[in-house]
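> Mind looking at a prediction? Sequence and model below.
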Amino acid sequence: MCLAIPARIVEIDAATDIAQVSLGGVRKEVSLALVNDARVGDYVLIHVGYALNKLSEEEAEKTLALIREMGLLEEEATHNAATPGGEA
Amino acid sequence: MCLAIPARIVEIDAATDIAQVSLGGVRKEVSLALVNDARVGDYVLIHVGYALNKLSEEEAEKTLALIREMGLLEEEATHNAATPGGEA
Amino acid sequence: MKYVDEFRDQKLARQLASAIAAEADPARQYRLMEFCGGHTHAIFRYGVQHLMPPNLRFIHGPGCPVCVLPMARIDQAIAMALEHEVTLCTYGDLMRVPASGRRSLLKAKADGADIRMIYSTLDVLRIAREEPDRQVVFFAIGFETTTPPTAVAIKAARAEGLTNLSVFCNHVLTPSALRTILATAGPDGVQLDGILGPSHVSTLIGSKPYAFVPEEFQTPVVIAGFEPLDVMQATLMLVRQLNEGRCEVENQYTRAVTEAGNLKAQALMAEVFQTRDRFEWRGLGFLPESALALADDYADLDAEQRFPVEIGEVKEVKGCECPAILRGVKQPTDCKLFGSVCTPENPMGSCMVSSEGACAAYWSYGRHRAPAAQAETV
Amino acid sequence: MKYVDEFRDQKLARQLASAIAAEADPARQYRLMEFCGGHTHAIFRYGVQHLMPPNLRFIHGPGCPVCVLPMARIDQAIAMALEHEVTLCTYGDLMRVPASGRRSLLKAKADGADIRMIYSTLDVLRIAREEPDRQVVFFAIGFETTTPPTAVAIKAARAEGLTNLSVFCNHVLTPSALRTILATAGPDGVQLDGILGPSHVSTLIGSKPYAFVPEEFQTPVVIAGFEPLDVMQATLMLVRQLNEGRCEVENQYTRAVTEAGNLKAQALMAEVFQTRDRFEWRGLGFLPESALALADDYADLDAEQRFPVEIGEVKEVKGCECPAILRGVKQPTDCKLFGSVCTPENPMGSCMVSSEGACAAYWSYGRHRAPAAQAETV
Amino acid sequence: MTQDRRFPVRLDLKQGTVDMSHGSGGRAMAQLIAELFHRHLDNALLAQGNDQALFSPPPGRMVMSTDGHVISPLFFPGGDIGSLAVHGTLNDVAMAGARPLYLAAAFILEEGFPLADLARIVASMASAANQACVPVVTGDTKVVERGKGDGVFITTTGVGVVPEGIHISGDLARPGDAILVSGHIGDHGVAILSKRENLGFETEIRSDSAALHGLVADMVTAVPEIHCLRDPTRGGLATTLNEIAHQSGVGMQIREEAIPVRPEVTAACELLGLDPLYVANEGKLIAICPGERAEDLLTAMRMHPRGEDAAIIGAVVEDELRFVQMETRFGGSRIVDWLAGEQLPRIC
Amino acid sequence: MTQDRRFPVRLDLKQGTVDMSHGSGGRAMAQLIAELFHRHLDNALLAQGNDQALFSPPPGRMVMSTDGHVISPLFFPGGDIGSLAVHGTLNDVAMAGARPLYLAAAFILEEGFPLADLARIVASMASAANQACVPVVTGDTKVVERGKGDGVFITTTGVGVVPEGIHISGDLARPGDAILVSGHIGDHGVAILSKRENLGFETEIRSDSAALHGLVADMVTAVPEIHCLRDPTRGGLATTLNEIAHQSGVGMQIREEAIPVRPEVTAACELLGLDPLYVANEGKLIAICPGERAEDLLTAMRMHPRGEDAAIIGAVVEDELRFVQMETRFGGSRIVDWLAGEQLPRIC
Ligand code: SF4
Ligand code: SF4
Ligand SMILES: [Mg+2]
Ligand SMILES: [Mg+2]
Ligand SMILES: [Mg+2]
Ligand SMILES: [Mg+2]
Ligand SMILES: [Mg+2]
Ligand SMILES: [Mg+2]
Ligand SMILES: [Mg+2]
Ligand SMILES: [Mg+2]
Ligand SMILES: [Mg+2]
Ligand SMILES: [Mg+2]
């Protein structure tokens, strides 16, 4: 329900539990108060200045692979069904 | 030492001890807290929003008369002494 | 942007669209409710509905915290700001939501109330520290995603002894609302064949709390990410469950959502908050166990207690269909005010304000909104 | 304007000038001190000095409340405004007077202190009423003329229970200063042949308090009004006393000044204030019984007690001759800073700020002030 | 006016207030511009709806002048910030001897400002512009947060054309020139002060705020040799004369008795400890012309309603020190300096 | 600079602050103008020292445009309010296809504002004006009390001449026209937001604030048939396209993929919940020209440093509803509406 965006941790200040995250060339300070054992290099979901949790690279790959696979099954049908119109 | 100007009382609000005074077409509210028995028509000296005291018409006339008299005594000498130069 | 761009890929989208079109049974209806306003927003922003077959329709749920906030709560916040002259801090989303008497926080601010838009509860802490002479009230709203940051601020205020900070708590709980929607679904209410489960709420609470949906209501749930491919994949997963006659909680958003959720955040919430017996939701009425209040231990930081106010009777705008829209039984275009009297500049209801509100989405991204075209359903 | 225009009549002025010129004995000097800055101002504004014979010279006295206020008092007021964050109210005259470190009330205001220019103590009362959450301090200055309005405000604050109003009292007393001037006059100090007595101060205190001047110091006094004819007539009266070997208190300003003065105002002052044992005057040093403080009964309204501040050591601007000018022993043109470093825009001393200060009068109305012409005495 | 399809709901000009969205650049701003600014200031150039106005000026030399208007109170006897913003800039244009052609207006609005007041101000601007026959052809609107503005600030800019043969500038005063003023001084400043709550005085005095280009046109026709024109606004007559004296490297000698001041203005100044010579005017001008043309100029001025009370008040003299000196009504002589600081009410 | 006799003591440009006397019209104001404004903005017309500037424009049609600048923070990566106030108005003048000639600048200063900051801003204005070869020829200074302003507001007004044969206006877009943008969008807005304390993000993005009349001159030379030009400032690309669509009574069809947006801008917008299409630009323009001249115009733009990254982003279409539609990068289609309210950081 809420705007959140994945960003990579590039620096952690253990004393304050504040991290610098990076996203497409933008750096931002976020609080790590809500996550355990975040490390530099981890991707975290950022929401209202807090890291909500870590993202799993492995799971993301799996999901993408699954999407590709789901799509491939139907590639033949693509040209006919690409713009099925919905209720435009 | 302080800026004060004579003005005529045109209205008094006895409840608040505030008067309206008039000066050359300008009306202003002043406090009568510092003067006794001021009446509409009286001239009072106005200073920082207060009437300081009443002016005596009779005395003013006397003063002016005296000034005129002092001047008249020397009217003859006027043209020579009008701009005596001081330390200009 | 990693984890973002991959999930907005056009080619994969086309392929997924074909897959859905191919697998969807033309003989049946797929009425899928996306519970979250975030999903609503993504569906419109990326035009996902256009990629679906005609018999697959997204029904917009009540999962927008701005939309479901009763007007009385905004009235109450404005009264606090004006009567107690507090500094009221809140997220930007709330600024333009209509309150009673054609007011809003934005208008109250223009009229002199000290209302500040903040980005994070960290800002609230900073303001309270920097202005010790001001009483700072955080107008907290949001589902489980936005609740832990409030908890962090409350704990910090206590730890730092910030006596000038308090919280006007309006955090609400997803499962209760979902249960209400499902309980009232059916021939007289909204007809639902499946649920797209929340993304970020689920990262916090995990996938377990949705178990009651298939169990008690025989409706499948797929927890879905917010990117458009996530939505499409989850949709396909729902189509498959329905086609196969399955009815389960599935998790499409595995890169962020686990079964148990974020235990640290959950513990924090449990410490700082307690569940309210009941709380009013716009459109859904008073729902049991559907919202949080500050725990007794933190009651001294409760703005409702610190700054009591009385507000007048609340009258909803006549003709505004937000309640029905939030229950999924009407669409924005069913509202007579939509696009005539009610626009984002002059919103009559919260659904026209929040970027996750269905009315705002229809208005901002819908193709036809002029009177002549209103009959169409976008 | 009655009582004004008649006393600015050009023809009468010319006649009076002739009379003075005729009666002044060319063989002697008439060194007349106008005690009041108001007289100084009138003399310059109307060019009265130009109408006098060469052996009659006006010496400017210390009768300008702004000029004689020690810098430390301004520093103290600024410190109150900044450290205690009070609302400091004061008359416009004080805004630009130099304080330590090239500050002034105007600059302190620009830097964020809440300093308000008021026209009347009635404004101070209004502000205190309208802003009950602000501590309002009235920075009171002035001679006996300006003191009673302060007394009225203090009594009103007490009567209304305005707990947020207090007074930083700097009211000073004319007779003490006059005594000091006369006591230090003579071959080593200023040479004085007569005194033009204050106008409006005298309306309050009456003519009696000047009795000591002829008695103790063998110097004639004529109480004079502020209009230029008043000044000229009083001058002629002094010339006559001197010519005739008389030495009395005379009253030219009979339309406003009585022997006893304003008894109502005197009673008010006596109730609200008490005489300080000593008080510092710029240029004159610490003078006994020369100023007022709040009476013990009103000590709770004393801003000095309510908002104590510590200020650093006060350093007068190097080269500023204000002290000597205030004692009458130097003229503005004797000051090296006059017109070069010190101008009304960048005043180095208070005498360049107050419109009744001698330096400001020389600058604003003097014919020659450019370096080449500085040797002249205006 | 039929309702613009972009704005289904009309602006609430009765109860509404300015909020931040009115300065956002979005639809709320477009609506404010359409329903308030364009409605009142209606003209073909403004209606182009571009970020600039396009026009074809007559050939010749042009002038441009700009002034920010930040007056408080916004409404005062004889005008308001809207009419003032029109007159102020028209006059600065006219003081080159020019005929004003077009005005631009930029508004800085404070969040919370009542739309009703804004509408009143813009209507007054429109009426002033109409009367002057100089349209407001382009504009701009910004909104600042509450506490970062003061209701409304209006910056106007004007352009105009200078007739051939006219050469008017502050540096052209020459010894022997006559100094004229077009009427009573101090009215504007006193009218404003009379509305300052704490000064609490009442007078019939109204601001003299008015457009002077009509008067100027008559003046340059009658006496094309005018050397200087300037409107004695902030700082008053005294400061403006000093400015010109400085620019031209000359002195000035004026007579107090010759300067038209209304008795009410004198009285109000006495009450407040002010000098009318330093009080602002918004519908008066100072003219300097060769001494021998002074009477002709005076005659021309007096024939125009805005110059009925015009007077010759003195002469330009040689003076290395560039002093403005005045023979006082009392018969003395004194310097009339630039305004120092602000002219604030004094007590002593 | 030898010290002016009027001002024995120099302005304290290190420690000094603006106070009320700097707006009084008196000597303190004259000094501020002489030692700060004139020193930096030095040019012959300004040096005339009159309340208006006199010049002889080339013959032909002219444009005038005005803009108030109220930006916070005053200094930002890539510029400050001074350079912005020059560029902003030059660009509005240029968007008529015009060559800007002169600028006027009106300052509204808040009591307490550091003179050092003011000097820095005016120096930056001067440098922007010099680079653009367009002098600031007249100005005005007002001072408001603390809490009634926000440091400094600058309203600039510009005039310019339109070359013959050029007819550019927002109401001239026609179906079949191509829509071009001169470079990456959103840089200015993101640079400003990055300096807002509480958003606390860092990027290399600098404001694109720049004068575009050089680019425009090349464009109108290459393709005199250009129909519309406009700089997408407040409200961004989306709102500006809607404005033109409304003015011209047409629709627009653009392609998200074709719109140049820097990755950092995209990222910052994702973080804040903003849409780059609504983020302000200060050195970009939108051009609309007949479809068949689009490639020529694109070539001309790309040859100019300010148009290196220019792109054709869509076409004008017939649409009674005057909608701007966009084919999303994702393959869908959506409306691109006017900005509603302000574009504020959102949480959800
Ligand atoms: S269009 Fe407006 S009035 Fe209608 S339901 Fe939506 S928010 Fe309510
Ligand atoms: S001129 Fe200035 S420095 Fe010299 S005595 Fe006067 S106030 Fe002091
Ligand atoms: Mg001007
Ligand atoms: Mg002007
Ligand atoms: Mg002028
Ligand atoms: Mg603009
Ligand atoms: Mg304000
Ligand atoms: Mg513009
Ligand atoms: Mg612009
Ligand atoms: Mg523009
Ligand atoms: Mg000006
Ligand atoms: Mg401010």
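Thanks, I have the structure now. Ligands and ions are numbered 1, 2, ... in the order given.

> got the contact list for E:V144?
Contact analysis of E:V144 by CB atoms under 8 Å, 6 or more residues apart in numbering or on different chains lists E:23, E:108-111, F:70, F:150, F:153. To be clear about C-beta, it is placed using only N, CA and C from the backbone, and glycine gets the same treatment.

> mind saving the C-alpha coords of stretch E:118-133 as PDB?
C-alpha atoms of stretch E:118-133 as PDB (Å, rounded to 0.1, in the frame of the first residue of the first chain):
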ATOM      1  CA  LEU E 118      -7.000  39.900  -4.200                       C
ATOM      2  CA  ALA E 119      -9.900  40.300  -6.500                       C
ATOM      3  CA  ARG E 120     -10.500  43.800  -5.100                       C
ATOM      4  CA  ILE E 121      -6.900  44.700  -5.700                       C
ATOM      5  CA  VAL E 122      -6.800  43.400  -9.200                       C
ATOM      6  CA  ALA E 123     -10.000  45.100 -10.100                       C
ATOM      7  CA  SER E 124      -8.500  48.400  -8.800                       C
ATOM      8  CA  MET E 125      -5.400  47.800 -10.900                       C
ATOM      9  CA  ALA E 126      -7.600  47.200 -13.900                       C
ATOM     10  CA  SER E 127      -9.500  50.300 -13.300                       C
ATOM     11  CA  ALA E 128      -6.300  52.400 -12.900                       C
ATOM     12  CA  ALA E 129      -4.800  50.800 -16.000                       C
ATOM     13  CA  ASN E 130      -8.000  51.500 -18.000                       C
ATOM     14  CA  GLN E 131      -8.200  55.100 -16.900                       C
ATOM     15  CA  ALA E 132      -4.600  55.500 -17.900                       C
ATOM     16  CA  CYS E 133      -5.200  53.700 -21.200                       C
END
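
> For the one residue in the stretch 101-250 of chain C that gets nearest to chain E, give me its contacts.
The stretch 101-250 of chain C approaches chain E most closely through C:A110 (4.0 Å), counting by CB to the nearest CB. By CB under 8 Å, 6+ apart, the contact set of C:A110 is E:17-20, E:111-112, E:146.

> again with E:A173
E:227-228, E:244-245, E:247-248, E:250, E:252, E:288, E:316.

> If we check chain F, which of those are in contact?
E:Q247 (CB under 8 Å from any CB of the partner chain).

> Check which strands are paired with the strand ranked longest in chain A and give the direction for each one.
Longest strand in chain A, counting residues (DSSP state E): strand A:5-13. Paired strands of strand A:5-13, with direction, are strand A:18-23 (antiparallel), strand A:43-47 (antiparallel) (DSSP bridges).

> Most tightly packed of those strands?
strand A:43-47 (a mean of 24; mean count of other CB atoms under 10 Å in any protein chain shown).

> Can whichever helix or strand comes after that strand be said to contact chain F?
Per DSSP states H and E, the first helix or strand lying C-terminal to strand A:43-47 is strand A:50-54. No. On the criterion CB under 8 Å from any CB, strand A:50-54 is out of touch with chain F, staying 10.9 Å away.

> wait, C:E259 sits on C:A211?
No. Using CB atoms under 8 Å as the test, C:E259 is too far from C:A211 to be in contact (10.0 Å).

> more neighbours, these two?
C:A211 (13 against 9; other CB atoms under 10 Å in any protein chain shown).

> Angles on the backbone of that one, please.
phi -60, psi -30 (degrees, to the nearest 10).

> Please read off the pLDDT at it from the model.
Confidence at C:A211, expressed as pLDDT, is 97.

> Next one: the closest residue to it other than its chain neighbours from C:V221, what distance?
Nearest residue to C:A211, sequence neighbours excluded (CB to CB, 6 or more residues apart in numbering or on different chains): C:V249, at 6.0 Å. C:V249 sits 5 Å away from C:V221 when distances are taken as CB to CB, to the nearest Å.

> Not counting its neighbours along the chain, what's nearest C:P288?
Nearest to C:P288 is C:R278, by CB to CB, 6+ apart, at 5.2 Å.

> follow-up on the earlier one: same list (the contacts of E:V144) but as CSV, adding secondary structure and pLDDT.
Output for the contacts of E:V144, formatted as CSV (DSSP: H, G, I helix; E, B strand; the rest coil; pLDDT from 0 to 100):
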residue, secondary structure, pLDDT
E:G23, helix, 93
E:I108, strand, 98
E:L109, strand, 98
E:E110, strand, 97
E:E111, coil, 95
F:V70, coil, 97
F:D150, coil, 97
F:F153, strand, 98
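
> which of the residues you listed sit farthest apart?
E:E111 and F:F153 (14.5 Å; CB to CB).

> These two: which has the busier surroundings?
Between E:E111 and F:F153, counted using other CB under 10 Å, the more crowded position is F:F153 (29 against 24).

> was I right about that one contacting F:H69?
Yes. With contact defined as CB under 8 Å, F:F153 reaches F:H69; the gap is 6.6 Å.

> Skip the chain neighbours and tell me the closest residue to the residue of the stretch 101-250 of chain C at minimum distance from ligand 3.
When scored by CB to the ion, the stretch 101-250 of chain C has C:A110 as its residue closest to ligand 3, at 31.4 Å. The shortest distance from C:A110 to any non-neighbouring residue, by CB to CB, 6+ apart, is to E:G112 (4.0 Å).

> how about that neighbour, secondary structure?
Three-state secondary structure (criterion: DSSP: H, G, I helix; E, B strand; the rest coil) places E:G112 in coil.

> Distance check, it against E:K148.
11 Å.

> can you list the residues of chain C near ligand 1?
C:320-322, C:325, C:332, C:335, C:337-338, C:342, C:347-349, C:351-352, C:359 (CB under 6 Å from any ligand atom).

> contacting residues for E:R262?
B:25, E:184, E:186-187, E:205.

> now, among those, which is nearest to F:V162?
Nearest member of those to F:V162, counting by CB to CB, is E:D187, at 42.4 Å.

> Give me the neighbour count for the closest one.
Other residues close to E:D187 by other CB under 10 Å number 28.

> if I look at it, how far off is ligand 8?
34 Å (CB to the ion, to the nearest Å).

> Quick check: chain neighbours aside, which residue is closest to that residue?
E:D187's closest residue in space is E:D208 (CB to CB, 6+ apart), at 4.2 Å.

> What segments of the stretch 1-150 of chain C are strands?
With DSSP state E, counting those that start in this stretch, the ranges of strands along the stretch 1-150 of chain C come out as C:30-36, C:56-63, C:87-91, C:115-118, C:136-142.

> Relative to D:A234, which of the ones you listed is closest?
strand C:87-91 (61.9 Å).

> Can you pull the residues of the stretch 201-350 of chain C lying near chain F?
Near chain F, when you scan the stretch 201-350 of chain C using CB under 8 Å from any CB, you find C:228, C:343-345.

> So which of these wins on neighbours?
Result: C:P228 is most packed of those (other CB under 10 Å), 27 neighbours.

> Let me see the contact set for that residue.
With CB under 8 Å, 6+ apart, C:P228 has these contacts: C:7-8, C:13, C:42-43, C:46, C:48, F:330.

> pretty sure E:S127 belongs to a helix, no?
Yes. Membership of E:S127 in a helix is supported by three-state DSSP.

> With adjacent residues omitted, what lies nearest to it?
E:S83 (7.3 Å).

> Do the host helix or strand of the one you found and ligand 11 come into contact?
If you go by DSSP H and E, E:S83 is part of helix E:81-94. No. Using CB under 5 Å from the ion, helix E:81-94 stays clear of ligand 11, with a minimum separation of 6.4 Å.

> so what are the domain limits for chain C?
C:28-308, C:322-366 (automatic domain parsing).

> Point out the most buried one among these.
Of the domains of chain C, domain C:322-366 is the most buried (mean count of other CB under 10 Å), at a mean of 24.

> Tell me if it is near chain A.
Yes. With CB under 8 Å from any CB as the measure, domain C:322-366 is seen reaching chain A through C:E356.

> That domain: end-to-end distance?
18 Å (CA to CA, to the nearest Å).

> Close to chain F: what parts of chain A are there?
A:1-3, A:5, A:7, A:23-29, A:46-49.
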